[in-house]
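Peer 1: Sequence first, then the predicted structure, then my questions.
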Amino acid sequence: MAQIMPSEERVCEALRSVDDPEVGINIVDLGLVYGIDVGPERIRVEMTMTSQACPMGDLITDNARRAVAALAPDGVGVEIELVWEPFWTPDRMSESAKQTFGWPT
(Lines give C-alpha, C1' and ligand atoms only; values in the text may rest on other atoms or scores of the structure.)
Protein backbone atom coordinates (compact mmCIF):
# COMPACT_ATOMS: atom_id res chain seq x y z
CA MET A 1 0.00 0.00 0.00
CA ALA A 2 1.36 3.42 -0.97
CA GLN A 3 2.13 5.80 1.84
CA ILE A 4 0.68 9.28 1.62
CA MET A 5 2.90 12.36 1.71
CA PRO A 6 2.19 14.58 4.70
CA SER A 7 0.72 18.03 4.14
CA GLU A 8 2.74 21.16 4.85
CA GLU A 9 0.49 21.66 7.88
CA ARG A 10 1.42 18.21 9.27
CA VAL A 11 5.11 18.93 8.73
CA CYS A 12 4.67 22.26 10.54
CA GLU A 13 2.95 20.49 13.44
CA ALA A 14 5.81 17.97 13.62
CA LEU A 15 8.29 20.85 13.77
CA ARG A 16 6.36 22.29 16.72
CA SER A 17 7.69 19.30 18.68
CA VAL A 18 11.25 20.62 18.24
CA ASP A 19 12.27 23.06 20.95
CA ASP A 20 15.21 25.41 21.09
CA PRO A 21 16.70 24.04 24.33
CA GLU A 22 18.15 27.43 25.28
CA VAL A 23 14.72 29.07 25.48
CA GLY A 24 12.30 26.14 25.75
CA ILE A 25 10.07 27.30 22.89
CA ASN A 26 9.43 25.37 19.70
CA ILE A 27 11.13 26.44 16.49
CA VAL A 28 7.86 27.28 14.73
CA ASP A 29 6.74 29.74 17.42
CA LEU A 30 10.25 31.18 17.56
CA GLY A 31 9.92 31.99 13.85
CA LEU A 32 12.88 29.85 12.83
CA VAL A 33 10.98 27.95 10.12
CA TYR A 34 10.97 30.00 6.93
CA GLY A 35 9.43 27.53 4.50
CA ILE A 36 8.15 24.00 4.00
CA ASP A 37 7.96 22.34 0.59
CA VAL A 38 6.43 18.89 0.24
CA GLY A 39 7.25 17.37 -3.14
CA PRO A 40 6.71 13.88 -4.55
CA GLU A 41 10.24 12.71 -3.68
CA ARG A 42 11.35 14.95 -0.85
CA ILE A 43 10.28 17.17 2.01
CA ARG A 44 12.33 20.35 2.27
CA VAL A 45 12.39 22.73 5.21
CA GLU A 46 14.12 26.09 5.15
CA MET A 47 14.97 27.32 8.60
CA THR A 48 17.37 29.55 10.44
CA MET A 49 18.78 30.06 13.91
CA THR A 50 18.55 33.13 16.09
CA SER A 51 22.24 33.71 15.31
CA GLN A 52 24.90 32.11 13.15
CA ALA A 53 26.83 31.36 16.34
CA CYS A 54 23.95 29.42 17.90
CA PRO A 55 25.60 26.63 19.94
CA MET A 56 22.49 24.45 19.59
CA GLY A 57 22.24 24.73 15.78
CA ASP A 58 23.32 21.16 15.00
CA LEU A 59 21.07 19.69 17.69
CA ILE A 60 18.04 21.70 16.56
CA THR A 61 18.65 20.85 12.90
CA ASP A 62 19.04 17.12 13.70
CA ASN A 63 15.87 17.16 15.80
CA ALA A 64 13.98 18.91 13.00
CA ARG A 65 15.22 16.29 10.51
CA ARG A 66 14.07 13.46 12.79
CA ALA A 67 10.64 15.04 13.36
CA VAL A 68 10.04 15.41 9.62
CA ALA A 69 11.52 12.01 8.74
CA ALA A 70 9.02 10.37 11.11
CA LEU A 71 6.24 11.58 8.77
CA ALA A 72 7.96 10.82 5.48
CA PRO A 73 6.99 7.72 3.52
CA ASP A 74 9.75 5.20 2.84
CA GLY A 75 12.19 6.40 0.20
CA VAL A 76 11.27 10.09 0.55
CA GLY A 77 14.20 12.38 1.27
CA VAL A 78 14.20 14.99 4.00
CA GLU A 79 16.22 18.17 3.53
CA ILE A 80 16.72 20.67 6.32
CA GLU A 81 18.44 23.72 4.89
CA LEU A 82 19.83 26.42 7.14
CA VAL A 83 19.49 29.87 5.61
CA TRP A 84 20.71 33.20 6.92
CA GLU A 85 18.65 35.58 4.81
CA PRO A 86 16.53 37.17 5.84
CA PHE A 87 18.17 37.42 9.23
CA TRP A 88 16.00 36.25 12.09
CA THR A 89 14.51 38.95 14.31
CA PRO A 90 12.11 38.68 17.27
CA ASP A 91 9.41 40.08 14.96
CA ARG A 92 9.17 36.58 13.44
CA MET A 93 8.04 35.08 16.76
CA SER A 94 4.44 34.09 17.41
CA GLU A 95 2.37 36.18 19.78
CA SER A 96 2.46 33.40 22.38
CA ALA A 97 6.27 33.19 22.21
CA LYS A 98 6.55 36.94 22.68
CA GLN A 99 4.22 36.70 25.67
CA THR A 100 6.44 33.99 27.18
CA PHE A 101 9.26 36.52 27.22
CA GLY A 102 6.94 39.25 28.49
CA TRP A 103 7.36 41.25 25.30
CA PRO A 104 4.56 43.43 23.90
CA THR A 105 2.51 41.81 21.16
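Peer 2: Cool, got the structure.
Peer 1: mind listing the helices in the protein by residue range?
Peer 2: For the chain, the helices defined by DSSP state H occupy 8-15, 57-69, 95-100.
Peer 1: Of those, which is nearest residue 47?
Peer 2: Closest to residue 47 of those, according to CB to CB: helix 57-69, at 6.5 Å. Yep, even glycine has a C-beta here, placed from its N, CA and C like the rest.
Peer 1: Which elements pack onto that closest one?
Peer 2: Using 3 or more CB pairs under 8 Å, 6 or more residues apart in numbering; DSSP states H and E as the contact test, the elements touching helix 57-69 are helix 8-15, strand 42-47, strand 77-82.
Peer 1: among these, which is nearest residue 94?
Peer 2: Among these, helix 8-15 comes nearest to residue 94, with 11.9 Å by CB to CB.
Peer 1: Just the buried residues of the closest one, please?
Peer 2: Across helix 8-15, burial judged by 16 or more other CB atoms under 10 Å covers 10, 11, 14, 15.
Peer 1: Need the contact partners of it.
Peer 2: Helix 8-15 is contacted from outside by 6, 26-28, 33, 36-38, 43, 45, 64, 67-68, 70-71, using CB atoms under 8 Å, 6 or more residues apart in numbering.
Peer 1: and the nearest residue in space to residue 71 that is not next to it in sequence, how many neighbours?
Peer 2: Among residues not flanking residue 71 along the chain, residue 6 sits closest, at 4.2 Å (CB to CB, 6 or more residues apart in numbering). Around residue 6 sit 20 other residues, with neighbours defined as other CB atoms under 10 Å.
Peer 1: now do residue 4
Peer 2: Counted with other CB under 10 Å, residues neighbouring residue 4 total 9.
Peer 1: What pLDDT is listed against it?
Peer 2: pLDDT for residue 4: 90.
Peer 1: can you check the one 10 residues further on too?
Peer 2: As predicted, residue 14 sits at a pLDDT of 98.
Peer 1: Identify the residue spatially nearest to it, adjacent ones excluded.
Peer 2: Excluding its sequence neighbours, the residue lying closest to residue 14 (CB to CB, 6+ apart) is residue 67, at 4.4 Å.
Peer 1: Repeat that for residue 96.
Peer 2: Nearest residue to residue 96, sequence neighbours excluded (CB to CB, 6+ apart): residue 29, at 6.1 Å.
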